[in-house]
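*Asks:* Show me how the following folds:
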Amino acid sequence: MEDREVVFGIARLLPVRPRLIEADRGAVLQQIKSGVFMKRKPFLAGILSLLVPGLGQIYGGEGDKGAAIITAAIVIGNLNIIILPLIAMANPDIPKAAPESRKVWAYWIPRVVHDVVSMWSITFWIWAVCNAISVTRKNSK
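*Replies:* From the prediction side, this is the model:
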């Protein structure tokens with residue numbers, strides 16, 4: 001009896017036994033994982049991650065990490081969007097007769113929180129670019 005393999009819904013005759021084909025598949029998968037078929041460029045991974053944080057990690061071969069970074073970037077971006085209206089609503093001209101506690105909550109807290117979130121956003125973005133480059137270098141060896 002002849003051995004058959006189905007590729008894209010088409011049956012074809014195989015000249016070898018199925019277990020040899022499985023071994024060949026394993027070798028091909030190993031070559032794919034090692035990057036023989038697609039030589040990844042670290043510079044391109046950095047550019048991709050600069051455009052969309054996490055995209056460079058996906059390109060570099062670490063899809064789970066890339067998805068986590070994209071999710072974190074969305075969360076951090078949304079936090080920044082939520083805090084910006086607080087700053088717009090904060091009254092920069094606080095009357096001198098206003099209590100000291102109102103000055104802190106209305107003027108300083110929104111600005112400080114926005115600055116901290118912005119600093120973390122920029123730091124996170126720079127880290128994502130550097131990590132994409134290092135991940136791609138590591139996975140392309």
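*Asks:* Show me where the chain has its helices.
*Replies:* Remark: helices assigned in the chain by DSSP state H are 18-34, 42-51, 55-60, 63-89, 100-103, 109-139.
*Asks:* Comparing these by mean pLDDT, which bottoms out?
*Replies:* Least confident of the helices of the chain, judged by mean pLDDT, is helix 18-34 with a mean of 60.
*Asks:* mind listing what the nearest residue to Ser49 once chain neighbours are set aside touches?
*Replies:* Distance criterion C-beta to C-beta, 6 or more residues apart in numbering; nearest residue to Ser49, sequence neighbours excluded, is Gly56 at 2.9 Å. Every C-beta, even on glycine, is put in place using the N, C-alpha and C of the backbone. Counting by C-beta atoms under 8 Å, 6 or more residues apart in numbering, Gly56 makes contact with 44-50, 66, 128-129, 131-133, 135-136.
*Asks:* Just the buried residues of those.
*Replies:* For these, a neighbour count by 16 or more other C-beta atoms under 10 Å gives the buried set as 45-49, 66, 128-129, 131-133, 135-136.
*Asks:* got those as TSV, with distance to Leu79 columns?
*Replies:* Formatted as TSV, the buried ones among the contacts of Gly56 follow (distance: C-beta to C-beta, whole Å):
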residue	distance to Leu79
Ala45	26
Gly46	25
Ile47	26
Leu48	24
Ser49	20
Gly66	21
Ala128	16
Val129	20
Asn131	21
Ala132	23
Ile133	26
Val135	26
Thr136	29
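*Asks:* Tell me which residues are up against stretch 65-73.
*Replies:* Outside stretch 65-73, the residues that reach it (C-beta under 8 Å, 6+ apart) are 52-60, 124-125, 128, 131, 135.
*Asks:* can you list those in a markdown table and add distance to Met89?
*Replies:* Formatted as a markdown table, those follow (distance: C-beta to C-beta, whole Å):
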| residue | distance to Met89 |
| --- | --- |
| Val52 | 31 |
| Pro53 | 29 |
| Gly54 | 32 |
| Leu55 | 34 |
| Gly56 | 37 |
| Gln57 | 37 |
| Ile58 | 38 |
| Tyr59 | 41 |
| Gly60 | 42 |
| Phe124 | 26 |
| Trp125 | 27 |
| Ala128 | 31 |
| Asn131 | 36 |
| Val135 | 41 |
